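Chemist: pasting the sequence and the predicted coordinates here, then a few questions.
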Amino acid sequence: MNPNIEFAIITGLSGAGRSEAIKCFEDMGFFCIDNLPPSLIPKMAELATLPGSKINQVAVVCDVRGGEFFDDLLEELQKLKELDIKYQILFLEASDEVLVKRFKETRRRHPLSEEGAIVEGIHKERHIMEQLRGQANLVIDTSGLASFELKDKIRTAILKQDKQKKGIMITIMSFGYKYGMPLDADLVMDVRFLPNPHYIEALRDFDGTNEKVCDFVLNRSESRTFIKKFTGLLAFLLPRYVVEGKTHLTIAIGCTGGKHRSVAIAEEAAKFLREKDYNVVVRHRDYQRSK
């Protein structure tokens, strides 16, 4: 069993922003589950730590919607400690006035208010949550926060605990213009100005992950100049996207067929960003279909 898994428990008062919080964790690459019964937390941990599991970050929402099961939460968290799995508790709250307003705006019933008295439900929930709030690693009052401000607070807190996370997920996609532009790209870079390995018979059948193709594409003066300027642009832009609250960025790099130049440049850009401690996923959209 691999205990190097990170658990985040999102909890707090109904209407305080748990739905927005779990979206933020999802954007940061966590495997997220809403309204998980506490008794299933250790079982989820066991599944995530099985050999071959690719899940190393889990965020779950546990709250009074779980009814009587919620009473077992602290006991189940103790089992995580016994499994030597690190976890943190995020507790969200807001003033009575704000919570009442939010429930009226959404026209939803408070889960602890059988007769529809929202304030009574809020007070009852505060009492139930009191012990858990005292054990929270982070308490956020969302009374005066917009959703993007809440997400920024959460990202900032997580980044302080793990400085290798930059708070933004980056997808670098290579593609071929002859197959169409990617619809979900935020930034698009055209590298068709570089010499094309397609016209070199010894390289034509290989793609941009091949060492000889990489050497052909990257080890040219114009390529080195371009990479320096392109990575410099990314180094300038990405911290500013993070400040503005962007949680995912897709960078599309295109050449004619999406097999040689775009693939090699995409891999080089990903290497640069990983060295800067960004979370990067590389996707080569067209390299297997290009003829």
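Modeler: Great, that's in hand.

Chemist: do a quick rundown of the helices in the stretch 51-200 of the chain.
Modeler: For the stretch 51-200 of the chain, the helices defined by DSSP state H, counting those that start in this stretch cover 73-82, 96-106, 118-135, 147-161.

Chemist: once you drop chain neighbours, what's closest to Phe193?
Modeler: Counting by CB to CB, 6 or more residues apart in numbering, Glu222 is the residue found nearest to Phe193 once chain neighbours are left out, at 7.6 Å. From N, CA and C alone the C-beta is placed, and that goes for glycine too.

Chemist: the one you found is in contact with Lys229, isn't it?
Modeler: No - in this structure Glu222 lies outside contact range of Lys229 using CB atoms under 8 Å: 10.7 Å.

Chemist: domain assignment for the protein?
Modeler: 6-161, 169-284 (automatic domain parsing).

Chemist: any idea which of those domains has the lowest pLDDT on average?
Modeler: By mean pLDDT, the lowest-scoring of the domains of the chain turns out to be domain 6-161, with a mean of 82.

Chemist: circling back: dump the domains of the chain into TSV; add mean neighbour count as well.
Modeler: Compiled in TSV, these are given as follows (neighbours: other CB atoms under 10 Å):
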stretch	mean neighbour count
domain 6-161	17
domain 169-284	17
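
Chemist: quick one: the residue of the chain most remote from its centre from Thr209, how far?
Modeler: The centre of the chain is farthest from one residue, Glu201, which by CA atoms, centre = their mean lies 42.0 Å away. Glu201 sits 19 Å away from Thr209, taking CB to CB, to the nearest Å as the criterion.

Chemist: next: Gly29.
Modeler: Gly29 sits 24 Å away from Thr209, going by CB to CB.

Chemist: got a markdown table for the helices of the stretch 51-200 of the chain, with distance to Ile172 too?
Modeler: Shown next, in a markdown table, are these (distance: least, CB to CB, whole Å):
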| stretch | distance to Ile172 |
| --- | --- |
| helix 73-82 | 35 |
| helix 96-106 | 39 |
| helix 118-135 | 40 |
| helix 147-161 | 21 |
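
Chemist: so which of the ones you listed is nearest Arg274?
Modeler: The closest of the helices of the stretch 51-200 of the chain to Arg274 is helix 147-161. By CB to CB, the value is 16.9 Å.

Chemist: list the contacts of Tyr87.
Modeler: For Tyr87, the contact set (CB atoms under 8 Å, 6 or more residues apart in numbering) comprises Glu6, Phe7, Ala8, Ile9, Leu77, Leu80.

Chemist: 10 Å instead?
Modeler: By CB atoms under 10 Å, 6 or more residues apart in numbering, the contact set of Tyr87 is 5-9, 41, 45, 58, 60, 77, 80-81, 137.

Chemist: what is the nearest of the residues you listed to Asp205?
Modeler: Ile5 (41.8 Å).

Chemist: contact partners for Ile41?
Modeler: So Ile41 contacts 7, 9, 33, 58, 60, 62, 72-73, 76-77, 79-80, 85, 87 (CB under 10 Å, 6+ apart).

Chemist: all strands for the stretch 151-291 of the chain, in order.
Modeler: With strands called from DSSP state E, counting those that start in this stretch, the stretch 151-291 of the chain shows them at 169-176, 187-190, 248-255, 279-284.

Chemist: I'd say Lys153 and Gly144 touch.
Modeler: No - contact between Lys153 and Gly144 fails when scored by CB atoms under 10 Å: they sit 11.7 Å apart.
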